[in-house]
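Peer 1: return atomic coordinates for the entry below.
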Amino acid sequence: MRNLLTRWLSTETRRYVAIGAAFGLVFPLIATLVTLITRQLPISLSNMWVVQTTDPLLWIIDTAPVFLGGFSGLAGRRQEALQSTYQRLREVTNALEKQEQRQADELVRQAAQLKASADVGRAAASILDREQLLIKVTDLIAERFGFYYAAVFLLDESGQNAVLHAATGEAGRILKERGHKLAVDNASMVGTAITTRKPRIALDVGKERVRFANPLLPNTRSEIALPLVVGDRAFGALDVQSTQEAAFDDASAAALQSMADQIAVALNTATSFSQARTEAQRAKQIATLLGSTLELTLQSDRQTLYERIVRIGMDLVNADGAGLALPVSDTELEMKASVDVGPNPQLMIGRRLKVNEGMSGQVFTTKQTLRIDDYLTWSGRSAAFTDAPYHAILGVPLVWQARVLAVLTLTHSQPNRPFTEDDEYSAKLLCSQAAATLVNVDLRDDQERTLKELNALNMRLTRETWTAFSKQLKREGVDWIGIGEPIGPNRQPEVSEALISGRIATHPASDQDQTAVAVPIILRGVPIGVMRLRVPSENWSGSTASTLTSIAGHIAQAIENARLLQVTEERFARERVLSESTDKIRRKTDVEHILQTAAEELARHLQATRVAVRMSSNVASDNDEKPRDSIVDLNS
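Peer 2: Predicted structure coming up:
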């Protein structure tokens, strides 16, 4: 019943009729009640019926619901007309608001395009590094326009392939790592745009036949490829993809083409700048190599030198890996220093390969530089380096006087990063300097070895000389403790320790507040004696030890000077005696006196008790029949 009533009251006219009729019923009801009250009749339905049938005036009043309902229905119909008009007006207003919103959105989109174009222009004007420029541009396009994917392809050196250099999202990262490239032909939108030098638009990629369908971008619904051209030179193409169909209209295509033109101009500028920078870098590298050569000559050991050669080579050509292999025999090379990508940067150190095997072996044998752009497919790879994560590799020999001293290898682990002729030139300069440094290191090692041998010989002679001199001092009654002294239980423990270790030795003295100290007297690294003393324990310190060591050094030098002076005086005395004896002998004129004088001088200087001088037969005179002896007997 309620649902039926609700349906009946669904229009304004019926609702107004119902309200008017309900309001009109109030009048007959009030008139009937008033009549009952004036007639003093009880209020009941029967009395109300009697009054209604007997009073004609009430009949007129009873028509009020009809008239009021009718008039209310007219008002309801007018209200419905007004509501219909208002509804149409509201629909028109909504349509206008939607149109205004579309126009506002279009203005916002155009403003965003203009702002993005301006940002691209600023980036193109301020960034001279090509790779950074392309990354910035693709990010700006994808971010400001809300596109699914944006990428820049550039032509390789051959001009036959468009290589991906920058792209957005995870798909872009994967494609770039794979070295993604497209042939410059009509088999793809990028190739077609470069070939025709005109934009190529696919409003519905499902219906586009000339297109490369990338499985990493499954949500693409529309795509546009725009050529990057300056004058007669084509650099590549800008590729943009969207998840919406027909996302590229004339306005967006014009904006993107404007950006593509700015990118092309920036690439042309960056290329010119790169060429100028290459020339400057080459000059700088020559200066750097001169400094590196000095740095290499200052290395303390060979391993450090090998590692520095590897590091300098990596810095010169921006490599991410390098190795230095040296010959260890006539048939084998060994990797002495290595820096590689991965968790273990020294993974290749110690690996060996045969001469003429692999990159290093072939460079060692041919003495020629070797450059490989794709090491993974190179047939000359060594079995010892099959796990090497290389893509491009450059091998340069270190040659000195037609002899290969080592082989330097430089690597790129990322694809599509071949070494250039400039890299080869720089590496050759480094290797020529490094070869000279290795030869100098060999000479330095020989000199150090000779110096060590001379030092050892000097120490041995010093030890032997002072061993004999210590014995002489003992014979002369000097209380000298030095080389050749027996070290036994009767010797003070600090003295024995000082002679053995060559350092100051201390030992508690019998007196509790004294410390027995033995200071070695060292000459040219050899302990030649010991200085013994006792000092108060409270005064013994490191500064006291340093002072005693300094004093012992002065004593060693003074004693050595005294010994040398004594040796010189003894030698001078011997020379003087020899001169006097020779002079006496020369004063004699006959053989007999000469022999007699010689025997006397020998006996005197040698303290001999008997000296005999015999003249041989070939020196004797013709009258002598047998040799003559001149005998001096000091006992007689």
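
Peer 1: name the SS class of residue 269, please.
Peer 2: helix (DSSP: H, G, I helix; E, B strand; the rest coil).

Peer 1: make that residue 356, sorry
Peer 2: coil.

Peer 1: check which helix or strand covers the residue nearest to residue 370 when sequence neighbours are not counted.
Peer 2: With Cβ to Cβ, 6 or more residues apart in numbering as the criterion, residue 370 has its nearest non-adjacent residue at 4.5 Å, and that residue is residue 395. From N, CA and C alone the C-beta is placed, and that goes for glycine too. Using DSSP states H and E, residue 395 sits within strand 392-400.

Peer 1: in stretch 439-448, what counts as buried?
Peer 2: residue 441 (16 or more other Cβ atoms under 10 Å).

Peer 1: pLDDT on it, on average?
Peer 2: The average pLDDT within stretch 439-448 is 81.

Peer 1: need the pLDDT of residue 585.
Peer 2: pLDDT, read off for residue 585, is 74.

Peer 1: contacts only, for it.
Peer 2: Taking Cβ atoms under 8 Å, 6 or more residues apart in numbering, we find residue 585 in contact with 594, 597-598, 601.

Peer 1: returning to that earlier point: what's downstream of the strand holding residue 395, the next helix or strand?
Peer 2: For strand 392-400, the following helix or strand on the C-terminal side (DSSP H and E) is strand 403-412.

Peer 1: next, find the distance separating the closest residue to residue 161 other than its chain neighbours from residue 78.
Peer 2: Spatial nearest neighbour of residue 161, excluding adjacent residues (Cβ to Cβ, 6+ apart): residue 181 at 4.6 Å. For residue 181, the distance to residue 78 equals 76 Å [Cβ to Cβ, to the nearest Å].

Peer 1: returning to what we had before: quick check, nearest of the contacts of residue 585 to residue 88?
Peer 2: Nearest to residue 88, judged by Cβ to Cβ, of these is residue 601 at 157.1 Å.

Peer 1: now the helix or strand harbouring that closest one: buried residues?
Peer 2: Assigned by DSSP H and E, residue 601 belongs to helix 591-606. Within helix 591-606, the residues that count as buried by 16+ other Cβ under 10 Å are 594-603.

Peer 1: which ones are touching residue 50?
Peer 2: The contact partners of residue 50, taken as Cβ under 8 Å, 6+ apart, are residue 41.

Peer 1: one more time with 10 Å
Peer 2: Taking Cβ atoms under 10 Å, 6 or more residues apart in numbering as the criterion, residue 50 is in contact with 35-36, 39, 41, 44.

Peer 1: report the buried members of these.
Peer 2: By 16+ other Cβ under 10 Å, those give 35-36 as buried.

Peer 1: quick revisit: which residues does the residue nearest to residue 161 bridge with?
Peer 2: For residue 181, the beta-bridge partners are residue 163 (DSSP bridges).

Peer 1: pull the number of nearby residues for it.
Peer 2: Residue 181 has 19 neighbours, counted by other Cβ atoms under 10 Å.

Peer 1: contacting residues for residue 445?
Peer 2: Applying Cβ under 10 Å, 6+ apart, the residues near residue 445 are 301-302.

Peer 1: that one sits in which helix or strand?
Peer 2: helix 421-475.

Peer 1: also residue 173?
Peer 2: Secondary structure from DSSP H and E places residue 173 in helix 169-178.

Peer 1: list the helices and strands that helix packs on?
Peer 2: helix 130-145, strand 149-155, strand 161-167 (3 or more Cβ pairs under 10 Å, 6 or more residues apart in numbering; DSSP states H and E).

Peer 1: tell me the angle the last one makes with strand 149-155.
Peer 2: What that stands for is strand 161-167. Counting by axes from the mean of the first three to the mean of the last three Cα atoms, to 10 degrees, strand 161-167 lies at 140 degrees to strand 149-155.

Peer 1: what of the first one?
Peer 2: What separates the directions of helix 130-145 and strand 149-155 is an angle of 150 degrees, with the same axes, to 10 degrees.

Peer 1: okay, buried residues for helix 130-145 please.
Peer 2: For helix 130-145, a neighbour-count test (16+ other Cβ under 10 Å) marks 130, 133-142, 145 as buried.

Peer 1: how far out from the middle of the chain is that helix?
Peer 2: Mean-position distance between helix 130-145 and its chain equals 26 Å (Cα atoms, centre = their mean, to the nearest Å).

Peer 1: quick one: mean pLDDT over that helix.
Peer 2: 82.

Peer 1: now for that helix, which elements pack on it?
Peer 2: Here helix 130-145 touches helix 64-126, strand 149-155, strand 161-167, helix 169-178, strand 233-242, helix 250-297, going by 3+ Cβ pairs under 10 Å, 6+ apart.

Peer 1: can you get me a residue count around residue 216?
Peer 2: For residue 216, the count of nearby residues is 16 (other Cβ under 10 Å).

Peer 1: so residue 201 belongs to a helix, correct?
Peer 2: No - Residue 201: not assigned to a helix; according to three-state DSSP it is strand.

Peer 1: how close does the nearest residue to it once chain neighbours are set aside get to residue 147?
Peer 2: In space, and not counting its chain neighbours, residue 201 is closest to residue 224: 4.9 Å by Cβ to Cβ, 6+ apart. Here residue 224 is placed at a distance of 9 Å from residue 147 (Cβ to Cβ).

Peer 1: who touches both of those two?
Peer 2: Contact criterion Cβ under 10 Å, 6+ apart; residues shared by residue 224 and residue 147: 240-242, 247-248, 252, 256.

Peer 1: a markdown table for those residues, including pLDDT, neighbour count and distance to residue 494?
Peer 2: A markdown table is the format used below for those (pLDDT from 0 to 100; neighbours: other Cβ atoms under 10 Å; distance: Cβ to Cβ, whole Å):
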| residue | pLDDT | neighbour count | distance to residue 494 |
| --- | --- | --- | --- |
| 240 | 89 | 26 | 89 |
| 241 | 89 | 26 | 89 |
| 242 | 88 | 23 | 93 |
| 247 | 80 | 20 | 96 |
| 248 | 80 | 22 | 97 |
| 252 | 75 | 19 | 96 |
| 256 | 81 | 26 | 92 |
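
Peer 1: looking at those, which two lie furthest apart in space?
Peer 2: Comparing every pair within those by Cβ to Cβ identifies 241 and 252 as the most remote, at 12.8 Å.

Peer 1: what touches both of those two?
Peer 2: 147, 224.

Peer 1: which helices and strands does the host helix or strand of residue 15 pack with?
Peer 2: Using DSSP H and E, residue 15 sits in helix 12-24. Counting contacts by 3+ Cβ pairs under 10 Å, 6+ apart, helix 12-24 is packed against helix 2-8, helix 64-126.
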